[in-house]
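**Q** no sequence on this one, just coordinates:
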């Protein structure tokens with residue numbers, strides 16, 4: 001990991017540990033509720049893991065705090081500005097694409113804004129979100145192929161799509177040029193109680 005990634009991993013680890021201990025949960029309990037291994041929880045808390053977006057979402061859902069709270073400094077003002085280039089990159093594709101979390105709201109109804117780039121050949125497969133989650137996506141550059149529970153849609157620059165994302169879905173760039181899109185994710189009822197059935201991205 002580079003220095004920025006190491007700092008992010010350390011910050012996430014400290015946040016997970018504080019949230020877990022604040023609930024008086026054992027490592028085993030968090031692992032069980034999140035649906036990840038105890039070893040992964042230990043590695044995340046120690047800042048030695050480079051967890052996938054799916055793993056981070058499982059942990060944040062289990063803690064009921066939302067992904068934005070897990071990866072960012074807590075917001076203490078009613079308005080928060082994220083300057084260009086200051087978002088948190090949580091996914092990197094083999095071709096160099098990136099999924100950057102730009103902003104998000106606090107639970108219980110979490111809204112996230114992402115900026116995605118996909119290099120030619122890049123693909124991101126996502127598990128189903130928790131029940132009731134929805135996404136809105138608009139392509140700014142290139143062509144993006146989206147699969148939603150077996151249905152395939154090919155979007156070009158300017159096209160937009162909205163869909164229920166509590167099913168498996170994916171974003172791919174099957175073209176020869178780079179692609180870029182904005183993604184908004186709405187996840188209702190985070191922290192409302194009960195175990196998440198699945199996680200997203």
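**A** Yep, that arrived. Here the structure is a predicted model, which is why all the values come from computation and not from measurement.
**Q** which residues of the protein fall in strands?
**A** 88-92, 98-104, 110-118, 123-126, 134-141, 143-148, 151-156, 160-164, 169-172, 179-187 (DSSP state E).
**Q** Quick check: which of those is nearest to residue 69?
**A** Residue 69 lies closest to strand 98-104 among the strands of the chain, at 7.7 Å (CB to CB). Heads up, the C-betas are built off the backbone N, CA and C, glycines and all.
**Q** and that closest one, which strands flank it?
**A** Strand 98-104 sits in its sheet next to strand 88-92 (antiparallel), strand 110-118 (antiparallel), going by DSSP bridges.
**Q** For residue 9, give its distance to residue 41.
**A** Here residue 9 is placed at a distance of 13 Å from residue 41 (CB to CB, to the nearest Å).
**Q** ugh, wrong one, residue 82
**A** 28 Å.
**Q** Looking at the two now, which is surrounded by more residues?
**A** Legend: neighbour count by other CB atoms under 10 Å for residue 82 and residue 41, higher for residue 41 (28 against 15).
**Q** The more buried one contacts residue 17, correct?
**A** No. With contacts counted by CB atoms under 8 Å, residue 41 stays clear of residue 17, the gap being 9.3 Å.
**Q** Please work out which of the strands paired with strand 98-104 is packed deepest.
**A** Mean neighbours per residue, mean count of other CB atoms under 10 Å, is largest over those for strand 110-118, with a mean of 21.
**Q** The lengthiest helix in the chain versus strand 88-92: what angle between them?
**A** Assignment by DSSP state H gives helix 3-22 as the longest helix of the chain. Counting by axes from the mean of the first three to the mean of the last three CA atoms, to 10 degrees, helix 3-22 lies at 100 degrees to strand 88-92.
**Q** what about this structure, any weak spots by pLDDT?
**A** Applying pLDDT under 70 to the chain flags residues 1-4, 73-77, 191-201.
**Q** Give the residue farthest from the middle of it.
**A** Residue farthest from the centre of the chain, counting by CA atoms, centre = their mean, is residue 176 at 26.1 Å.
**Q** who's residue 125 bridged to?
**A** Beta bridges link residue 125 to residue 170, judged by DSSP bridges.
**Q** what number of residues lie near it?
**A** Neighbours of residue 125 (other CB under 10 Å): 12.
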